[in-house]
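Trainee: A structural model of the following input is requested.
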Amino acid sequence: MEPTPTNANQEAINNGLIVGGISFVLGILIYYVSPGLMGSTFFGIAMMLISLGLYIYFTLDLRKKVGGFWSFREALNGIFLMSFIAGLVATLGNFVFYKFIEPGAFDKISAIVSESLYGTYEKLGMDEETIDKTLEKVMEGMKSQFNPSFMDLLKTLGIGVIVQFIMSLIFAAIFKKEEPIFGGTTEE
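Mentor: Predicted structure coming up:
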């Protein structure tokens, strides 16, 4: 059966829900199991690599589900839809979690991150005034992530859509696979 665009879109939505759910659950799991990791640069890099791995796996899965071949346009459509849904699920899940379920999370995480960054900046030889200014900027950025207002949520979603589209363009260029024009010959 040849996949229809509706099937492709449904598969992209399903994969997006899975990726978004996994990302959300990983973040919450780390928050409860080892919140000290949230202040680590290594953790940020590791989460980025895990997300990249998830997107690659589910992009290949999506291509397989739609028949194994797709043009750049079809790949872009499917990958962007998948990443948009994943980003929406993760962002809204985090908003609900940090705003309503764990409203004190910002204070807990900001203390961990402040302590970690302070030590790092001190080792780098930064003076006290520069450290304080830098930490203030970092904490303001974190506040929009862990204690967001409605406008922060909209801003995060807007930036996310731009990043997801750029990522989708790159992935579509890499993972497109055109159907061969000429089939192989079969000899009798």
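Trainee: For the longest helix along the chain, which helices and strands make contact with it?
Mentor: Among the elements of the chain assigned as helix by DSSP state H, the one spanning the most residues is helix 5-33. With contacts defined as 3 or more CB pairs under 8 Å, 6 or more residues apart in numbering; DSSP states H and E, the secondary structure elements packing on helix 5-33 are helix 41-65, helix 72-96. To be clear about C-beta, it is placed using only N, CA and C from the backbone, and glycine gets the same treatment.
Trainee: Report the rounded mean pLDDT for the first one.
Mentor: Averaged over helix 41-65, pLDDT sits at 93.
Trainee: roughly how far is that helix from the heart of the chain?
Mentor: Helix 41-65 sits 9 Å away from the centroid of its parent chain (CA atoms, centre = their mean, to the nearest Å).
Trainee: low-scoring stretches of the protein, by residue?
Mentor: Counting by pLDDT under 70, the chain has low-confidence residues at 1-6, 183-188.
Trainee: can we see that at 90?
Mentor: Scanning the chain for pLDDT under 90 picks out the ranges 1-8, 34-44, 67, 94-95, 98-99, 103-124, 132, 134-154, 156, 178-188.
Trainee: Is it possible to get CSV of the helices and strands packed on helix 5-33 that adds distance to K155 and mean neighbour count?
Mentor: Supplementary listing: the helices and strands packed on helix 5-33 in CSV, determined by distance: least, CB to CB, whole Å; neighbours: other CB atoms under 10 Å:
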stretch, distance to K155, mean neighbour count
helix 41-65, 20, 14
helix 72-96, 11, 20
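Trainee: closest one to F24 among those helices?
Mentor: When these are ranked by proximity to F24, the top entry is helix 72-96, at 3.9 Å, counting by CB to CB.
Trainee: Can you tell me which helices and strands that closest one packs against?
Mentor: In this structure, helix 72-96 makes packing contacts with helix 5-33, helix 41-65, helix 150-175, judged by 3+ CB pairs under 8 Å, 6+ apart.
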